[in-house]
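[1] the following comprises the amino acid sequence and a computationally predicted model.
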2 protein chains.
Amino acid sequence: MNKGVLYVLSAPSGCGKGTVLKEIFARNNNIYYSVSATTRSPREGETDGVNYFFVSKEKFEELIASGGMLEHAQFCGNYYGTPKKKVMDELESGRDVILEIETAGAMKVKAAYPQAVLIFMLPPSLATLKKRLTGRGTDSEEVIAKRISEAEREINMSYKYDYVFVNDDLSDAVSSLEMIMKSAKYLVNQNDDLIKGVLQKC
Amino acid sequence: MNKGVLYVLSAPSGCGKGTVLKEIFARNNNIYYSVSATTRSPREGETDGVNYFFVSKEKFEELIASGGMLEHAQFCGNYYGTPKKKVMDELESGRDVILEIETAGAMKVKAAYPQAVLIFMLPPSLATLKKRLTGRGTDSEEVIAKRISEAEREINMSYKYDYVFVNDDLSDAVSSLEMIMKSAKYLVNQNDDLIKGVLQKC
């Protein structure tokens, strides 16, 4: 029984990560999408265990202290993080897991679990990203400029990932991500048990 | 224009590497199979530039001295090695290159050219490999024992490779290798130019 693979997917905001992942999940039902935990209050329409696990600050800090968080961060006074147990249980059972997290969290996951496969989704260019964000018509020019500069910072972190691919055409992007995910099973760091098995004395 | 990818394939003798590679070349014509240079004399039926580049000892040592060999080794008083220029020219022109070399050479190539993608083909088990070698009926028990111990040493080196796959069923093995080769194009170390392009100021 092979362990599952832990995939970490990051992308700048506005790159279409959600749309690509939706397609991946529509095509593959043996992947667990890791739900984050947070101490912020649920918003209208959010469901516990689906959008987030909503937990108290005390509970979250208890989990941090006991090593129960694979990674965590604070934003605007609230904690966000990846509960470790569920992820590890799924991997042990042979199921693959996807974490959709930002770059700092991805680095923490890699440090805690070196077999994690880090995948970065790129926009075709910063110019395209700017166009997409402008096209939405929801953000001011100032907010867009801030997002672009944040995207630039994140893309510079992609050098620390294992794989990169571009989301230009949706169907190409989904194919790229699927191929990366399948072939990552051949990475040597996923195959300790296989190699040990081959080496068994004859 | 993307650079080609340099693939290094190693496998213990008797694993069927030649058969798998033959299939790969039958299906893909944009891959250059790097021909080694050697100072040994051509054998009956061997053609210069096809089986090997047959060169003099002086010429070979000149190439070593001028950094013209990507890797080289000596066996039974003869030199064997990978001429660098042809490989680099093909990669620059966007063509992928396969080197079929043993583990020590693979490590040297990785040190000289870190973007090289190291792939190790495993037998299903040492027992299967022993059965295959015995089945050939060409080697004495002593020679087979030596080959198995050599295979064991090489398989232990597979931990230093990027990818591993098993050759149990030929068609599965070819598919595995093809998938590894295709997906390796998404490895972050193959995509410096892509990332730089994305980051261009908008």
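    Received the coordinates, thanks.
[2] quick one: the strands in chain A, in order.
    With strands called from DSSP state E, chain A shows them at A:6-10, A:31-33, A:37-38, A:53-54, A:69-75, A:78-83, A:96-100, A:117-122, A:163-166.
[3] sheet-wise, list the partners of the fifth one with their directions.
    Sheet pairing of strand A:69-75 (DSSP bridges) gives strand A:78-83 (antiparallel).
[4] buried sites along the partner strand?
    Neighbour-count burial for strand A:78-83 flags A:79, A:80, A:81, A:82, A:83 (criterion: 16 or more other CB atoms under 10 Å in any protein chain shown). C-beta: built from backbone N, CA, C; applies to glycine.
[5] closest to residue A:195 out of the strands of chain A?
    Among those, the nearest to residue A:195 by CB to CB is strand A:117-122 (17.8 Å).
[6] anything in that closest one near chain B?
    Yes - for a cut-off given as CB under 8 Å from any CB of the partner chain, strand A:117-122 has contacts with chain B, namely A:120, A:122.
[7] tell me how far that strand is from the chain's mean position?
    Distance, stretch centre to chain centre, for strand A:117-122: 8 Å (CA atoms, centre = their mean, to the nearest Å).
[8] so which elements touch it?
    Strand A:117-122 sits against strand A:6-10, helix A:103-112, helix A:141-157, strand A:163-166, helix A:170-183, helix B:192-198, with contacts defined as 3 or more CB pairs under 8 Å, 6 or more residues apart in numbering or on different chains; DSSP states H and E.
[9] ok, now how distant is residue A:78 from residue B:186?
    34 Å (CB to CB, to the nearest Å).
[10] contact partners for the residue nearest to residue A:129 when sequence neighbours are not counted?
    In this structure, residue A:129 finds its nearest non-sequential neighbour in residue A:123, 4.1 Å apart by CB to CB, 6 or more residues apart in numbering or on different chains. Residues near residue A:123 by CB atoms under 8 Å, 6 or more residues apart in numbering or on different chains: A:11, A:12, A:14, A:15, A:129, A:132, A:151, A:166, A:167, B:198.
[11] now residue A:37
    Residue A:37 makes contact with A:52, A:53, A:54, A:55, A:60, A:63, A:69, A:79, A:80, A:81, A:82, A:83 under the criterion CB under 8 Å, 6+ apart.
[12] coming back round to it: and residue B:172, which of the helices and strands packed on strand A:117-122 is closest to it?
    Nearest of the helices and strands packed on strand A:117-122 to residue B:172, taken as CB to CB: helix A:170-183 at 13.3 Å.
[13] list of residues touching that closest one?
    A:5, A:7, A:9, A:16, A:19-20, A:23-24, A:27-28, A:96, A:117, A:119, A:121, A:163, A:165-167, B:163, B:179-180, B:182-184, B:186.
[14] got it, and stretch A:42-59?
    Contact with stretch A:42-59 is made by A:35, A:36, A:37, A:38, A:39, A:40, A:41, A:63, A:79, A:83, as judged by CB under 8 Å, 6+ apart.
[15] now it: average pLDDT?
    For stretch A:42-59, mean pLDDT rounds to 93.
[16] just the buried positions in that stretch, please.
    Under 16+ other CB under 10 Å, the buried positions of stretch A:42-59 are A:52, A:53, A:54, A:55.
[17] off-centre distance for it?
    The gap between where stretch A:42-59 is centred and where its chain is centred comes out at 19 Å by CA atoms, centre = their mean.
[18] tell me how far the ends of it are from each other?
    End-to-end distance of stretch A:42-59 (CA to CA, to the nearest Å): 16 Å.
[19] do stretch A:51-59 as well
    Terminal residues of stretch A:51-59 lie 18 Å apart, using CA to CA.
[20] swap in stretch A:181-195?
    With CA to CA applied, stretch A:181-195 spans 20 Å between its terminal residues.
[21] which helices and strands does the helix or strand bottoming out on mean pLDDT in chain A pack with?
    Counting by mean pLDDT, DSSP states H and E, chain A has its least confident helix or strand at helix A:126-136, which shows a mean of 90. On a contact count with 3+ CB pairs under 8 Å, 6+ apart, helix A:126-136 meets helix A:141-157.
[22] pull out the buried positions in the helix it packs on.
    Buried residues in helix A:141-157, counting neighbours by 16+ other CB under 10 Å, are found at A:144, A:147, A:148, A:151, A:152, A:154, A:155, A:157.
[23] again, but for stretch A:19-26
    Neighbour counts over stretch A:19-26 (16+ other CB under 10 Å) mark A:20, A:21, A:23, A:24 as buried.
[24] one more: stretch A:64-74?
    Neighbour counts over stretch A:64-74 (16+ other CB under 10 Å) mark A:68, A:69, A:70, A:71, A:72 as buried.
[25] quick one: low-confidence parts of chain A?
    For chain A, the stretches with pLDDT under 70 are A:1, A:202.
[26] just to revisit the earlier point, closest one of the contacts of stretch A:42-59 to residue B:194?
    So of those, ranked by how close each gets to residue B:194 (CB to CB), first place is residue A:36, at 29.6 Å.
[27] now that closest one. Its backbone dihedrals?
    Backbone torsions of residue A:36, given as degrees, to the nearest 10, read phi -80, psi 160.
[28] number of nearby residues for it?
    Residues within reach of residue A:36, counting by other CB atoms under 10 Å in any protein chain shown, total 18.
[29] same check on residue A:188?
    Neighbourhood size, residue A:188 [other CB under 10 Å]: 18.
[30] and it, what does it touch?
    A:195, B:120, B:158, B:159, B:160, B:161, B:162, B:163, B:164.
[31] can you redo these as TSV with neighbour count and distance to residue A:45?
    Formatted as TSV, the contacts of residue A:188 follow (neighbours: other CB atoms under 10 Å in any protein chain shown; distance: CB to CB, whole Å):
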residue	neighbour count	distance to residue A:45
A:195	18	48
B:120	27	50
B:158	25	50
B:159	13	49
B:160	13	50
B:161	23	48
B:162	20	44
B:163	27	44
B:164	24	46
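[32] quick check, central residue of chain A?
    residue A:100 (2.3 Å; CA atoms, centre = their mean).
[33] bridged to that one, which residues?
    Beta-bridge partners of residue A:100, as defined by DSSP bridges: residue A:9.
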